[in-house]
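A.B. asks: I would like to see how this sequence folds:
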Amino acid sequence: WRWVFYVNLPFGALALWFVAQRMPPLIPPTKGRLDAPGALLLMGGLVPLILALQLDKQAHPWTSPTTVGLFAGAAILLALFAARAVHSAHPLLDLGLFRNRVFSVANAALFFYGGAFIGLIVFLPLFLVNVVGVSATGAGAAMIPLSMGVVTGSTVSGQLVARWGRYKPFMVGGGALLAVGVYLLTTMDAATSAGRATLYMVVCGLGIGPAMPLYTLAIQNAVDVRKLGQATSASQFFRQIGGTAGAAAMGAVLALGLAGTLGSAAGSFGAEGALPVSPEVASPALRAAFAGALHPVFVMALALVVTGWAVTLLLPELPLKRHFDHYPGRGSTVGAEQGQPEGVEVDDGTGRFVPPPVAH
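C.D. replies: I've put the predicted structure just below:
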């Protein structure tokens, strides 16, 4: 199993080489300082939070001293991080960004969608291996349609947004399609074929593609260009935290479901109730047990998607900016009289966007 991780090393090294050798340097017009104490408080708060979510809840239940202590420590350190962010001249995350409704709503939606997406990535292969009966390699290959659906949906929606200048309809439509796909996953049982599961994954991928990436676009479009880095990293942060929390909650639901079903049918799984060595020798009882235990997991994923979709309805849609021009020695007041930010392309009245003049 270690090769699951080792295989990523050459690809990571290649990506690092491209970043180091080919990526142009990004030199900001003004220099800032890293808020090192704030970064340490944030990491110190996130580590116990993630540990508390990921601990085996049969060995360490939610009300155990270990779990409660980790949550309490995380709460204290994250509260100190928030206090530090309020008083720091160069905060790691400017809490004033949360006054921006687009920023707040988009990150809330990303939190729920992140939980659902990571849940699908983690638990769909378990269904394919333990219920459908494909090999681990086959389960990995079966996830390709989901990835292709994500790429296709993201590419098509990106082109349409660039052409029409509107993004919210694609976010709402993509979320609705994702909800349909996850609902179809909730209908799977022990008799589900690999082809049927693959079709449902394609539907999910086509919904995820236009949904999740556009939230980052909406955030970048709504915040001050000077806060662009903080806002973008925050969107990734909330999506990852949502994924961690969602995967932990779904894992706890799966463990409880398996504990109930495997306990009553342990005789079908060997002397000690161990899982079979390969999916080919899995008994019908084991497949039915996993199908039953995974059903509430997909129902939870559906609830997260529907919640994220409902939050998206509250997202204000702002006109899509076409240009930023805030570098020293450049910029103009084009659009200032029309209430547009300086340096942003504006409509000249003919439906075309006219770039601001550049000072040389």
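A.B. asks: In the chain, where is pLDDT below threshold?
C.D. replies: Scanning the chain for pLDDT under 70 picks out the ranges 28-32, 262-282, 322-360.
A.B. asks: residue nearest the centroid of it?
C.D. replies: residue 114 (3.2 Å; Cα atoms, centre = their mean).
A.B. asks: Helix or strand: which one has it?
C.D. replies: helix 101-127 (DSSP states H and E).
A.B. asks: Check residue 141 too.
C.D. replies: helix 136-142.
A.B. asks: try residue 252
C.D. replies: Counting by DSSP H and E, residue 252 is part of helix 228-264.
A.B. asks: From the chain's centroid, how far away is that helix?
C.D. replies: 10 Å (Cα atoms, centre = their mean, to the nearest Å).
A.B. asks: Next, the angle from whichever helix or strand comes after it to helix 101-127.
C.D. replies: Of the helices and strands lying after helix 228-264 in sequence (DSSP H and E), the nearest is helix 284-312. Between helix 284-312 and helix 101-127, the angle comes out at 170 degrees (axes from the mean of the first three to the mean of the last three Cα atoms, to 10 degrees).
A.B. asks: And helix 284-312, what does it pack against?
C.D. replies: Applying 3 or more Cβ pairs under 8 Å, 6 or more residues apart in numbering; DSSP states H and E, one finds that helix 284-312 makes contact with helix 101-127, helix 168-186, helix 228-264. Heads up, the C-betas are built off the backbone N, CA and C, glycines and all.
A.B. asks: gap between the first one and the chain center?
C.D. replies: Relative to its chain's centre, helix 101-127 lies at 5 Å (Cα atoms, centre = their mean).
A.B. asks: got the buried residues for that helix?
C.D. replies: By neighbour count with 16 or more other Cβ atoms under 10 Å, helix 101-127 contains the buried residues 102-120, 122-125, 127.
A.B. asks: Reformat the helices and strands packed on helix 284-312 as TSV; add distance to residue 216.
C.D. replies: Supplementary listing: the helices and strands packed on helix 284-312 in TSV, determined by distance: least, Cβ to Cβ, whole Å:
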stretch	distance to residue 216
helix 101-127	8
helix 168-186	11
helix 228-264	5
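A.B. asks: closest to residue 134 out of those helices?
C.D. replies: helix 101-127 (9.0 Å; Cβ to Cβ).
A.B. asks: In terms of secondary structure, what does that closest one contact?
C.D. replies: Using 3+ Cβ pairs under 8 Å, 6+ apart: helix 101-127 touches helix 136-142, helix 168-186, helix 194-222, helix 228-264, helix 284-312.
A.B. asks: and the direction of the third one versus that of helix 168-186, what angle?
C.D. replies: Spelled out, it's helix 194-222. 150 degrees.
A.B. asks: so what does helix 194-222 touch, helix or strand wise?
C.D. replies: helix 101-127, helix 136-142, helix 144-164, helix 168-186, helix 228-264.
A.B. asks: Repeat that for the shortest one.
C.D. replies: Contact analysis of helix 136-142 by 3+ Cβ pairs under 8 Å, 6+ apart lists helix 101-127, helix 194-222 as its packing neighbours.
A.B. asks: Select, out of those helices, the one closest to residue 289.
C.D. replies: Once these are compared by Cβ to Cβ, helix 101-127 is nearest, at 12.1 Å.
A.B. asks: what is the orientation angle of that closest one with helix 144-164?
C.D. replies: Going by the same axes, to 10 degrees, helix 101-127 makes 160 degrees with helix 144-164.
A.B. asks: Torsion angles phi and psi at residue 313?
C.D. replies: Dihedral pair for residue 313: phi -60, psi -20, per degrees, to the nearest 10.
A.B. asks: swap in the one 3 residues further on?
C.D. replies: When read as degrees, to the nearest 10, the backbone of residue 316 gives phi -70, psi 140.
A.B. asks: count of residues packed around it?
C.D. replies: If you count neighbours by other Cβ atoms under 10 Å, residue 316 ends up with 12.
A.B. asks: OK, contacts around it?
C.D. replies: Neighbouring residues of residue 316 by Cβ atoms under 8 Å, 6 or more residues apart in numbering: 101, 102, 105.
A.B. asks: could you list every residue that touches the first one?
C.D. replies: The neighbours of residue 101, taking Cβ under 8 Å, 6+ apart as the test, are 315, 316.
A.B. asks: Distance to residue 178 for the helices and strands packed on helix 136-142 - can I get that in JSON lines?
C.D. replies: Shown next, in JSON lines, are the helices and strands packed on helix 136-142 (distance: least, Cβ to Cβ, whole Å):
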{"stretch": "helix 101-127", "distance to residue 178": "8"}
{"stretch": "helix 194-222", "distance to residue 178": "3"}
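A.B. asks: what's the closest of these to residue 155?
C.D. replies: helix 194-222 (7.5 Å).
A.B. asks: Tell me what angle that closest one forms with helix 228-264.
C.D. replies: Using the same axes, to 10 degrees, helix 194-222 lies at 150 degrees relative to helix 228-264.
A.B. asks: Quick one: distance of helix 194-222 to the chain centre.
C.D. replies: With Cα atoms, centre = their mean, you get 10 Å for helix 194-222.
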